[in-house]
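Enquirer: Model the structure of this input:
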Amino acid sequence: MTRPVAPEAPFGRVLTAMATAFGDDGSVDLDQTAAIATHLVDHGHDGVVVSGTTGESPTTSPAEAGDVLRVVREAVGDRATVVAGVGTNVTAHSVELARQAAKLGADGLLLVSPYYSKPGQAGMLHHFTEVARATDVPVMLYDVPGRTASPITLDTYEAARGLSTVIAVKDATGDFVRGTRLVDLGYAVYSGDDHANLGWLAHGGCGFVSVAGHAAGDELAAMARAWFDGDAAGALEVYRRLLPAVDAMMSVPNYGATTAKAALQLLGVIDTRAVRSPLLPLDDDEVATLRAGLETSGLI
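Expert: Below is the predicted model of the structure:
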């Protein structure tokens, strides 16, 4: 394999959509949230994403989101980028979150397509435009129609590139062909699905926004490094070794925050796997299955 030209990765190559730690009483545990961020940066990460879906953003208040961003920014310092999730289905609320994130020193904003409301593409572009113009912080759009029911069309992506701060995409559609067209439009494309990580690298992606990275940051960094060093076989070896862990983290119906926190608890990073309703923490059988997957991948 000829060594590929590594595409620009404006927020780093390996990021995780990090969990927000809660106490058993449901309050945000800022000390343990900072501990998660430190763990990630100590294990292969160039950056973290706070207050995304895995951070349970639909259940946190703007004040809580601000506190999480502040302590994570302090915890990682200049060792990693910090991207703040600001996506909601209320444009004014997203603008408020974006401005707060800018004041607190976020390096980027993660802006998911508006969920549940299912706006048309014109409404979606208006939403992106209003939020992007609210600050000068670089924006990563997030396309995850399995959660939002609002896929972003290629025409909307093309129009959004006219906004100077909209520079990247977190893609969880699995549409590699369209992904190559996003690269052609000038986007830095990040994999938003751990099962598709290696496929995105092969189709011009620049890196990952992971969930499995809570437990596999060093391995994800090794896979990206092998790929961009021209060692496709080495990258595939790492990818295949991680599959049991990825399967275990993505196989329960309420995967994401629940499996991330259970993995962090198994690794001794946090004390409790508490989540906020309507999510429920993994039960003992689910934790046993998760442990088995992590063990098979050599992560614990």
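Enquirer: what phi and what psi does the backbone show at A17?
Expert: When read as degrees, to the nearest 10, the backbone of A17 gives phi -80, psi 90.
Enquirer: got a list of what it touches?
Expert: A17 makes contact with V49, G52, T53, T54, G55, G85, V209, S210, V211 under the criterion C-beta atoms under 8 Å, 6 or more residues apart in numbering. From N, CA and C alone the C-beta is placed, and that goes for glycine too.
Enquirer: Please flag which of those sit within helices.
Expert: Secondary structure of these is defined by DSSP state H; no position falls in helices.
Enquirer: Show me which of those is closest to D231.
Expert: S210 (20.3 Å; C-beta to C-beta).
Enquirer: Verify the stated contact: that closest one with W200.
Expert: No - in terms of C-beta atoms under 8 Å, S210 does not count as a neighbour of W200; the distance is 11.3 Å.
Enquirer: Out of those two, name the residue with the larger neighbour count.
Expert: Neighbour count, other C-beta atoms under 10 Å: between S210 and W200, S210 has more, with 29 against 21.
Enquirer: Across the sheet, point out what pairs with that one.
Expert: With DSSP bridges as the criterion, the beta-bridge partners of S210 are T16.
Enquirer: so who does it touch?
Expert: S210 touches V14, L15, T16, A17, S191, D194, N197, A216, G217, L220, counting by C-beta under 8 Å, 6+ apart.
Enquirer: So what's the residue count around A288?
Expert: Burial of A288, expressed as a neighbour count using other C-beta under 10 Å, amounts to 10.
Enquirer: Which helix or strand contains it?
Expert: Counting by DSSP states H and E, the element that carries A288 is helix 284-296.
Enquirer: Take stretch 82-93, keep the C-alpha atoms, and write them as PDB.
Expert: Provided in PDB are the C-alpha atoms of stretch 82-93 (Å, rounded to 0.1, in the frame of the first residue of the first chain):
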ATOM      1  CA  VAL A  82     -12.500  20.200  23.300                       C
ATOM      2  CA  VAL A  83     -15.600  20.200  21.100                       C
ATOM      3  CA  ALA A  84     -18.900  21.200  22.700                       C
ATOM      4  CA  GLY A  85     -22.200  19.700  21.600                       C
ATOM      5  CA  VAL A  86     -24.700  22.500  21.000                       C
ATOM      6  CA  GLY A  87     -27.300  20.600  18.800                       C
ATOM      7  CA  THR A  88     -30.900  20.700  19.800                       C
ATOM      8  CA  ASN A  89     -34.200  21.000  17.900                       C
ATOM      9  CA  VAL A  90     -34.700  24.600  19.000                       C
ATOM     10  CA  THR A  91     -32.500  27.000  17.100                       C
ATOM     11  CA  ALA A  92     -32.500  29.700  19.800                       C
ATOM     12  CA  HIS A  93     -31.400  27.200  22.400                       C
END
